[in-house]
Structure formats: structure tokens, C-alpha cells
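Student: any chance you can model this:
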Amino acid sequence: MNDVPDAYADQTTDTSSAREHLLAAYTTLRLGGPAGTVTAVDHPDDAVSVVRETAAAGRRLLVLAGGSNVVIGDAGFDGEVLLLRNRGVEVVGEDPASVLVRAAAGESWDAFAEYAVSNGWSGVECLSGIPGSAGATPIQNVGAYGQEVAHTIEAVHAYDREAGAVRVMSPDECAFAYRSSVFKHNDRYLVLSVDFRLAKSADSAPIRYAELARSLGASAGDRVPLRLARDTVLKLRAGKGMVLDPEDRDTWSVGSFFTNPVVPAAFFAGLSGSAEMPHWPGADDTVKLPAAWLIENAGFPKGFAGDGVAISSKHTLALTNRGAGTTGALLDLARTIRDGVHARFGVELHPEPVLVDCAL
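Tutor: Below you'll find the predicted structure:
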């Protein structure tokens, strides 16, 4: 356990002496004010110890790993900041058709996706290029290009603060939903590692996402070589500024800032312009709407700027720090977009990242 953490260089910005006590050093937005105490751990037992000690002292706790899905206020976080740096991937079971792989919570998610593809295991190849850590993926039920981690997660190992013990939680106990789970906005659990059931296959899972299928020259339901699927997803994400690049300010973001809204089918039918609006059928007589389309058609194009912040020039859903931004300015921009979409369409947009000591 290290009292002074090293920078998590593969996921966040570097920590110069002028910034080492700012939480901006540990987020992909490069925003966030000063920390109280920062402790980095590289073993799950140490993480549990920090959680217990912090609770006993009555101090607030913020857990960070990749920092890719969090917006931290400019005033920072006056409490204990726990940086999860436990790494590692191991095979813990297999059968003729599949393999059960355990990823430590602090393991780079994209490194895990690459490892799976290199070993001929399918199920997460379309989630390539997503920044952050493996332990964060069940919290958000991370998904992209037709795959979600809920499709492959067999168990989540988490410390339960209420029970004071580590639990092995089944998918049902995780309560996975669209970009959500029992872990999101819930301080009860600390994710320590995640078990993924992956297919032994040189080919991808069936392609479900139309844009990816077009880029592959494939049809929905086709399978393609794993490496081709991963490389194509990485190319698509890079074209949208969704692969971290310290030289590209379009990637100084949390990825998609708003979730795609899900509305009752009857509400959608009454929407002005619904005939030309892209949409997808959802569960329980609902319709999912593309937040990016709503934003653009409410008058907020790519590059729309605020004070030191802007919508990405590559992707309408990404709100970016242009280098001199603040969390306050980013949230002002988000409010302007949210309110503009509501005024134009009557649809409420909700933030996808976790907001820490700030509000939209």
C-alpha cells in the first residue's frame, strides 16, 4: 500500500508536481479539485482495509481506478481517495466451449479486451478501446457496438460494507440494466474483481450493431474474426474521439456524457418530428432515442463551445475539456444542452457519468 500514488499513466493524465494533489490528475476529463488524502493500493485486502479504516474514522471515501466515468467538482473531495491499482488476469475455470477469466478491479479494461482477443476468447471484442478499469465495467454495465459486460459477467467479487465481508455476487444480484447496476450510486459495495465467461472462438460474437456491421461489410448476426472485430471497433471509436489520446483534446472527456433516453411508446408517438427520428424498440412498450440526434437537432452541433469546454468536434455526446476548462463550465454546458433538448422535444437527458460533489 503506497501513501503517495504513482500516476495511472495508461488511463489518466500524468501527475506533475503542480497537480499531484488535484483529482484532475486521476480523471480522463483532467478536471477535479484537491483531494484530502490519496492512497493507492495494489492488493484487494489493502483496499478493504482502507474502506474499513475510513469508515471507522467517520471519513468520506471516494474510490477511483481509471477515472473515465466520473466528474469531480472544482472544490475537490475533502476525504479519503482510494486509488485501485490491483492488476492481473487469470483463468479460474474452463470447459470445452468456454473459459472463466478473472480480472482484477484495477486492470485496464482495454488491456483485458486485447488479452481476450489474443487468446481466442470472444465476448468482449466489441468493447475494445473503452477507457477505464475492469472493476468499473459492472458498475456502469458498460456497453458499446452491440455488446454489454452483462452478457459475459458470471460473478462480481465485492466487499459489502454492510455485511463487513467479501461477497461473490451473481448477475441477478448485480441487477444489471441499461448503463446501470446495483453498484451505481451505491456506496455499499467495493468491486474487487470480476469473472467473465468468454467463448473459446476465433470468431466474434454475432454482430448486432448496424454501424459496425456496415464497417465490416457484414450483416447483422454474422461472425467475423476476433482481431478484425477489435481493430474495426478501435478505428470507429478513434474516429469519434473515444480512444484516449493525450494530444487530442476531443478525448479529454468521460465518453458519452448523456445516456440514450428511454420513453414510453405512446409519448414517442406524440413527439413532434418522430417520423424522421431514429429510434429502437425497448422493453415494456418503450422506445429508446439517440441522445446524439436529439442534441444536434436541438441546435447543439459538434464543436459547440462553452468556457474552456466544448462538445467534441468528433462526437456530439462527448463533452470535452479543451485544456483550460473547469467542472463548473462543463456542467454549465451540460445544463444548456439538457435544457435545450427538453425545450425542443420534451425529452429529459440524464448524465451517464457519476457526479462527485457537483450536480447537473
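Student: what segments of the stretch 51-200 of the chain are strands?
Tutor: Using DSSP state E, counting those that start in this stretch, the strands of the stretch 51-200 of the chain run over 61-64, 70-72, 77-84, 89-94, 98-104, 121-122, 143-144, 147-148, 153-160, 165-169, 189-200.
Student: out of these, which is closest to Met242?
Tutor: Proximity to Met242 (Cβ to Cβ) singles out strand 143-144 among those, at 8.5 Å. Just so you know, the C-beta spots here come from the backbone N, C-alpha and C atoms, and that holds for glycine as well.
Student: and Ile337, how far from Thr54?
Tutor: Using Cβ to Cβ, to the nearest Å, Ile337 is found at 36 Å from Thr54.
Student: who's more crowded, the two?
Tutor: Shown here are Ile337 and Thr54; by other Cβ atoms under 10 Å, Ile337 has more neighbours (25 against 18).
Student: quick one, phi/psi of the residue lying closest to the more buried one once chain neighbours are set aside?
Tutor: Nearest residue to Ile337, sequence neighbours excluded (Cβ to Cβ, 6 or more residues apart in numbering): Phe300, at 5.2 Å. When quoted as degrees, to the nearest 10, the phi and psi of Phe300 stand at phi -120, psi 90.
Student: need the distance between the two termini of stretch 147-158.
Tutor: 23 Å (Cα to Cα, to the nearest Å).
Student: show me the contacts for Leu61.
Tutor: Val50, Val51, Thr54, Ala55, Gly79, Glu80, Val81, Leu82, Asp187 (Cβ atoms under 8 Å, 6 or more residues apart in numbering).
Student: what is the nearest of the residues you listed to Arg167?
Tutor: Once Cβ to Cβ is applied, the member of the contacts of Leu61 that ends up nearest Arg167 is Val51, at 13.7 Å.
Student: my guess is the closest one contacts Leu82. True?
Tutor: Yes: using Cβ atoms under 8 Å, Val51 is in contact with Leu82, at 7.3 Å.
Student: buried sites along the strand or helix carrying Ser215?
Tutor: Assessed by DSSP states H and E, Ser215 sits inside helix 210-216. Of the residues in helix 210-216, Leu212, Ala213, Ser215, Leu216 count as buried by neighbour count, 16 or more other Cβ atoms under 10 Å.
Student: mind putting these in CSV, pLDDT and distance to Val243 included?
Tutor: Below are the buried residues of helix 210-216 laid out as CSV (pLDDT from 0 to 100; distance: Cβ to Cβ, whole Å):
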residue, pLDDT, distance to Val243
Leu212, 97, 15
Ala213, 97, 20
Ser215, 97, 15
Leu216, 97, 18
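Student: nearest to Phe257, of the residues you listed?
Tutor: With Cβ to Cβ as the yardstick, the closest approach to Phe257 among the buried residues of helix 210-216 comes from Leu212, at 21.9 Å.
Student: contacts for the helix holding Ser215, please.
Tutor: With Cβ under 8 Å, 6+ apart, helix 210-216 has contacts from 126, 145-146, 207, 219-220, 222, 224, 228-229, 232-233, 235-236.
Student: how does it look with 10 Å?
Tutor: 126, 144-147, 204, 206-207, 209, 218-222, 224-225, 228-229, 232-233, 235-236, 239 (Cβ atoms under 10 Å, 6 or more residues apart in numbering).
Student: buried among those residues? Need that as a selection in ChimeraX.
Tutor: Filtering the contacts of helix 210-216 down to the buried ones (16+ other Cβ under 10 Å) takes a single ChimeraX command:
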select :126,144,145,146,147,204,207,209,218,224,225,229,232,233,236
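Student: in strands only, show me the contacts of helix 210-216.
Tutor: Of those, the ones assigned to strands by DSSP state E are Ala144, Gln147.
Student: burial measure for the residue nearest to Ala144 when sequence neighbours are not counted, as a count.
Tutor: Distances taken as Cβ to Cβ, 6+ apart put Leu127 closest to Ala144, at 5.6 Å, once the chain neighbours are dropped. Other residues near Leu127 come to 25 when the count uses other Cβ under 10 Å.
Student: could I get the contacting residues of Leu127?
Tutor: Leu127 touches 109-110, 112-113, 116, 137, 142-149, 151-152, 230, 233, counting by Cβ under 10 Å, 6+ apart.
Student: what does Pro301 give?
Tutor: Counting by Cβ under 10 Å, 6+ apart, Pro301 has contacts Ile295, Ile311, Ser313, Thr316.
Student: which residues does the nearest residue to the last one once chain neighbours are set aside contact?
Tutor: The shortest distance from Thr316 to any residue that is not its chain neighbour, by Cβ to Cβ, 6+ apart, is 4.2 Å, and that residue is Ala292. Contacts for Ala292 (Cβ under 10 Å, 6+ apart) come out as Lys240, Ser256, Phe258, Asn260, Pro278, Phe300, Lys302, Ile311, His315, Thr316, Leu317, Ala318.
Student: likewise His43?
Tutor: Neighbouring residues of His43 by Cβ under 10 Å, 6+ apart: Met1, Ser49, Arg85, Asn86, Ala104, Gly106, Leu192.
Student: distance of it relative to Tyr26?
Tutor: Following Cβ to Cβ, the distance that separates His43 from Tyr26 is 19 Å.
Student: residues near Leu84, how many?
Tutor: Count around Leu84 with other Cβ under 10 Å applied: 28.
Student: wait, it sits on Leu190?
Tutor: Yes: contact criterion Cβ atoms under 10 Å: Leu84 and Leu190 qualify, at 8.6 Å.
Student: quick one: common contacting residues for those two?
Tutor: Pro44, Ala47, Val50, Val63, Ala105, Gly135.
Student: can I get these in CSV including neighbour count, pLDDT and distance to Ala359?
Tutor: Shown next, in CSV, are the shared contacts of Leu84 and Leu190 (neighbours: other Cβ atoms under 10 Å; pLDDT from 0 to 100; distance: Cβ to Cβ, whole Å):
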residue, neighbour count, pLDDT, distance to Ala359
Pro44, 22, 96, 32
Ala47, 27, 97, 28
Val50, 22, 97, 27
Val63, 20, 96, 20
Ala105, 28, 97, 27
Gly135, 29, 97, 25
